[in-house]
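>>> Quick one, structure for this:
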Amino acid sequence: MSKRDVITFEGHRFLKQRLVFSILSQRPVRIEKIRSSEANPGLWDFEIALLRMIETVTNGSRMVISPTGTSVTLKPGMIMGGKVTIDCPVSRAIGYYLEVLVALAPFGKEQLVATLRGITMNNTDLSVDTIRTATLRNYRHFGIEEGVEMRVTKRGAPPKGGGEVRFICPVVRAVKPINYVDQGKIKRIRGISYATRVSPQTANRMVESARGELNRFIPDIFIYTDVYKGAESGFSPGFGLSLVAESTTGAFMTAELCANPGDSPEDIGRDAARMLLNEIERGGCFDSAHQWMALLLMVLGPEHASKTRIGKLTPFTIQYLRDIREFFNITFKLKADPESNTVLATCLGSGYANVAKKTS
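Next comes the predicted model:
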């Protein structure tokens, strides 16, 4: 198959990752039959916003959307970076768009400085807290450390949002290969309990409830309370909890929960803590929310073997591996470890080099 052959998929699922793969592999992609049989067919507002964002952070990308919106073709351009401002529809959280920037930003022409506005946490996408405390720290395993920064300047709870975050990511020439198979033991748990436009006591109640579950296992627990008032608290009342467990070898396990109408702070604290314990039991050097990140950066590494340990593969990760094979022609060797119920994933990197990076 030549480099210019268009790769074709059907359906709206996994649209985000396929657009990312198209840009990184420089292979055009066509996605057809997007909700073609549903009552509301075609691309939805958050997907159109995603396409606009990709157009903003790249140069030379050409997109063709059919009149009905049920098919889209992307001819990828070069990742540029620079200063961008993105208004995210409230149908998805800021995390939906940040995941794409996390994948693309290190390989741009210049440092990315992105301001994103919208919902900062929901129960569908990664919250900005988890991205700040775990996702961006996972970069360091691949040699991306200095200059990565994210700041939450305003909180925005569903349904109206009003939050704002600032994400800064430097560019690299290439990422490092990894040999990271020791998941270690959990040594501490940190978290952020946030509340906007509700009683400040709400955040403390979530902390007490979560500690009640977690203190039986480990003493080193600190959960920050983050209470926002006035203009910085967005347009809607809400509260939620983001937890991160760190191991002795630098692995991060995450869990988060955002309140729905009628939920009590005690329920949120208890359920988020139990979700974290389930994630720790799953094991691996990268948790289920970050399996995609480890696999992608392993593929983009130099032409050396990279190896890591992940927990049981999620259905999303299984499809992610299939799409990696389609775009990069790279297959992972997966070996089950019955003793720890984890999977050892090994691949040979593609030798990806960021040719757009300015020489200093």
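
>>> Need the single longest helix in this protein, by residues.
Counting residues, the longest helix in the chain under DSSP state H turns out to be helix 265-282.

>>> Restrict that helix to CA atoms and write it as CSV.
Taking C-alpha atoms only, helix 265-282 is exported to CSV below (Å, rounded to 0.1, in the frame of the first residue of the first chain):
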residue,chain,number,x,y,z
PRO,A,265,-20.9,14.2,48.3
GLU,A,266,-20.5,11.0,50.4
ASP,A,267,-21.6,8.8,47.5
ILE,A,268,-19.1,10.5,45.2
GLY,A,269,-16.2,10.1,47.6
ARG,A,270,-17.0,6.5,48.3
ASP,A,271,-17.6,5.5,44.7
ALA,A,272,-14.5,7.3,43.4
ALA,A,273,-12.3,5.6,46.1
ARG,A,274,-13.7,2.2,45.1
MET,A,275,-13.0,2.9,41.4
LEU,A,276,-9.4,3.7,42.3
LEU,A,277,-9.0,0.4,44.2
ASN,A,278,-10.4,-1.4,41.2
GLU,A,279,-7.9,0.3,38.9
ILE,A,280,-5.0,-0.6,41.3
GLU,A,281,-6.2,-4.2,41.3
ARG,A,282,-6.1,-4.1,37.4
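
>>> Buried ones in that helix, by neighbour count?
Along helix 265-282, these residues count as buried under the neighbour rule (16 or more other C-beta atoms under 10 Å): 265, 268-273, 275-277, 279-280, 282. C-betas here are computed from N, CA, C, even on glycine.

>>> Quick check: the two most widely separated of those?
Using C-beta to C-beta, these span at most 26.1 Å, a distance reached by 265 and 282.

>>> Pull up the distance across stretch 136-152, start to finish.
14 Å (C-alpha to C-alpha, to the nearest Å).

>>> can you check stretch 173-189 too?
Using C-alpha to C-alpha, the two ends of stretch 173-189 sit 34 Å apart.

>>> Could you do stretch 137-152 as well?
Counting by C-alpha to C-alpha, you get 16 Å between the two ends of stretch 137-152.

>>> Please work out the average pLDDT along that stretch.
If you average the pLDDT over stretch 137-152, you get 96.

>>> From the rest of the structure, what touches it?
Residues from elsewhere that reach stretch 137-152 (C-beta atoms under 8 Å, 6 or more residues apart in numbering): 106, 111, 120, 128-129, 131-132, 136, 163-170, 172, 175-176, 178, 180, 250, 252, 286, 290, 293-294, 297, 301.

>>> Narrow those to those that are buried.
Using 16+ other C-beta under 10 Å, the buried ones in these are 106, 111, 120, 128-129, 131-132, 136, 163-165, 167, 169-170, 172, 175-176, 178, 180, 250, 252, 286, 290, 293-294, 297, 301.

>>> Out of those residues, which sit inside helices?
Mapping these onto helices (DSSP H) picks out 128-129, 136, 293-294, 297.

>>> Point to the residue nearest the middle of the protein.
residue 99 (3.7 Å; C-alpha atoms, centre = their mean).

>>> What does it show for phi and psi?
phi -60, psi -40 (degrees, to the nearest 10).

>>> That one and residue 53 touch, don't they?
No: counting by C-beta atoms under 8 Å, residue 99 stays clear of residue 53, with 11.4 Å between them.

>>> Can I get stretch 330-347 in PDB, CA atoms only?
In PDB, the C-alpha atoms belonging to stretch 330-347 read as follows (Å, rounded to 0.1, in the frame of the first residue of the first chain):
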ATOM      1  CA  ILE A 330       3.300  -2.000  13.400                       C
ATOM      2  CA  THR A 331       2.000  -5.000  15.400                       C
ATOM      3  CA  PHE A 332       2.500  -5.400  19.100                       C
ATOM      4  CA  LYS A 333       3.600  -8.600  20.700                       C
ATOM      5  CA  LEU A 334       1.200  -9.200  23.700                       C
ATOM      6  CA  LYS A 335       2.100 -11.700  26.400                       C
ATOM      7  CA  ALA A 336      -0.300 -12.400  29.300                       C
ATOM      8  CA  ASP A 337       1.300 -12.600  32.700                       C
ATOM      9  CA  PRO A 338      -1.100 -14.900  34.700                       C
ATOM     10  CA  GLU A 339       0.700 -14.300  38.000                       C
ATOM     11  CA  SER A 340      -0.200 -10.600  38.000                       C
ATOM     12  CA  ASN A 341      -3.100 -10.700  35.600                       C
ATOM     13  CA  THR A 342      -1.400  -8.100  33.400                       C
ATOM     14  CA  VAL A 343      -0.200  -8.000  29.800                       C
ATOM     15  CA  LEU A 344       3.400  -7.400  28.600                       C
ATOM     16  CA  ALA A 345       3.300  -5.300  25.400                       C
ATOM     17  CA  THR A 346       6.300  -5.100  23.100                       C
ATOM     18  CA  CYS A 347       6.800  -3.400  19.800                       C
END
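
>>> buried set for that stretch?
Across stretch 330-347, burial judged by 16+ other C-beta under 10 Å covers 330, 332, 342-345, 347.

>>> now stretch 319-327
Residues 320-321, 323-324, 326-327 are the ones in stretch 319-327 that count as buried (16+ other C-beta under 10 Å).

>>> list the contacts for the residue nearest to residue 349 when sequence neighbours are not counted?
Using C-beta to C-beta, 6 or more residues apart in numbering and skipping residues adjacent in sequence, the residue nearest residue 349 is residue 301, 3.4 Å away. By C-beta under 8 Å, 6+ apart, the contact set of residue 301 is 142, 174-178, 349-350, 352.
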